[in-house]
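>>> Sequence isn't available, so here's the structure alone:
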């Protein structure tokens, strides 16, 4: 059903898993540390109706390594893909985490090419700027050390399981928060990640060059916002949800109590029900 595609963008080659050829375009943008394969739970349902284009973002998967990895850089890549293909009908963009930030930037920059966006638990600008004060800093620092490793996937998964994360109740092993399959998938994806991907993130500079308030106010298309539970590891605060609701004209926000950052894996059926219903409303 899916075929590997290579799309040249400026001086990069971006890998896309695409298919089927019919249907309106639906672009899937993964989070940091992941790749196009991360959307496997959604592929069967989405591909029955849409032309799915699951992108390996720069520095991830089979796409080229790049000089810089700011959110604005990832957004430029997607904008170039949209504008270089005039035969494309306006696309829906589904973005998870980093991909959600990119989707907002793309929708604001080229509204005529974006039909709607689905945002799965985007990190807040405040969390990004203050990342060193969060448990995510230890998480991503550990991932950077593993990124690009040629060690066996099983060995990397065991190493990830022993990562210690600070919490209000004390340190906790990542292996006590994630099951073995989840850790193995992360480990496999990390083997194809450029370690430099994490530099601007860990420096709190990921959104450098992006005026976030101006950007969200420029979004004109319908928006579905899927919010994870902060207490379960979600990155989207209640205040950030309120901020988006106040500044985006056409937005539906749906909380997911008890569900962490990976909504499409941890609550696949609910995620698909919301996503498919939104898509059919367009």
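Okay, I see it. As the structure is a prediction and not an experimental result, all values here were calculated from the model.
>>> check contacts around residue 129.
204, 207 (CB atoms under 8 Å, 6 or more residues apart in numbering). The way it works is simple: take the backbone N, C-alpha and C, and place the C-beta from them, glycine included.
>>> try residue 101
Neighbouring residues of residue 101 by CB under 8 Å, 6+ apart: 71, 95, 122, 123, 206, 207.
>>> can we see that at 7 Å?
Neighbouring residues of residue 101 by CB atoms under 7 Å, 6 or more residues apart in numbering: 71, 122.
>>> again, but for residue 63
12, 13, 14, 15, 56, 57.
>>> Quick check: of those residues, which lies closest to residue 198?
Proximity of those to residue 198 (CB to CB) peaks at residue 57, which lies at 13.4 Å.
>>> got the residue ranges for the helices in the stretch 101-250 of the chain?
Using DSSP state H, counting those that start in this stretch, the helices of the stretch 101-250 of the chain run over residues 125-129, 135-146, 153-161, 180-190, 199-202, 212-217, 238-247.
>>> how big is the angle separating the fourth one from helix 135-146?
So the one you mean is helix 180-190. Between helix 180-190 and helix 135-146, the angle comes out at 60 degrees (axes from the mean of the first three to the mean of the last three CA atoms, to 10 degrees).
>>> Give me the PyMOL select line for the contacts of residue 63, limited to the buried ones.
Those of the contacts of residue 63 that count as buried under 16 or more other CB atoms under 10 Å are selected in PyMOL with:
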select buried, resi 12+14+15+56+57
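>>> and the contacts of residue 63, which of them are in helices?
Among the contacts of residue 63, no member is found in helices (DSSP state H).
>>> Most widely separated two among the contacts of residue 63?
Counting by CB to CB, the most remote pair of those is 13 and 57, 12.4 Å apart.
>>> Let's have the contacts of residue 63 in a markdown table, adding pLDDT.
Shown next, in a markdown table, are those (pLDDT from 0 to 100):
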| residue | pLDDT |
| --- | --- |
| 12 | 96 |
| 13 | 97 |
| 14 | 97 |
| 15 | 96 |
| 56 | 98 |
| 57 | 98 |
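>>> Out of the contacts of residue 63, the closest to residue 66 would be?
residue 12 (6.0 Å).
>>> which ones are touching the closest one?
Contacts of residue 12 by CB under 7 Å, 6+ apart are 58, 63, 64, 66, 77.
>>> sec struct for the last one, please.
Which is residue 77. Using DSSP: H, G, I helix; E, B strand; the rest coil as the criterion, the local structure at residue 77 reads helix.
>>> Neighbours of it, how many?
Using other CB atoms under 10 Å, residue 77 has 22 other residues around it.
>>> Is it in contact with residue 58, as I believe?
Yes: applying CB atoms under 7 Å, one finds residue 77 in contact with residue 58, separated by 5.9 Å.
>>> what touches both of those two?
Common contacts of residue 77 and residue 58 (CB under 7 Å, 6+ apart): 12, 14.
>>> This protein: strands as residue ranges?
When assigned using DSSP state E, the strands of the chain occupy the ranges 3-9, 12-19, 24-29, 50-55, 91-96, 114-120, 164-165, 172-173, 223-227, 251-255.
>>> Of all those, which one is nearest residue 240?
Of all the strands of the chain, strand 223-227 sits nearest to residue 240, with 8.7 Å by CB to CB.
>>> okay, and for the stretch 1-150 of the chain, where does confidence drop off?
86-88 (pLDDT under 70).
>>> re earlier: dump the helices of the stretch 101-250 of the chain to TSV, plus distance to residue 260.
Shown next, in TSV, are those (distance: least, CB to CB, whole Å):
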stretch	distance to residue 260
helix 125-129	15
helix 135-146	12
helix 153-161	16
helix 180-190	10
helix 199-202	19
helix 212-217	23
helix 238-247	16
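>>> Select, out of these, the one closest to residue 27.
For residue 27, the closest of these is helix 212-217, at 18.0 Å, according to CB to CB.
>>> which residues sit against that closest one?
If you take CB under 7 Å, 6+ apart as the criterion, helix 212-217 is touched by 104, 105, 108, 125, 244, 247, 248.
>>> now do 8 Å
Helix 212-217 has contacts (CB under 8 Å, 6+ apart) with 104, 105, 108, 125, 243, 244, 247, 248.
>>> ok, those vs residue 265, which is closest?
Nearest member of these to residue 265, counting by CB to CB, is residue 104, at 21.9 Å.
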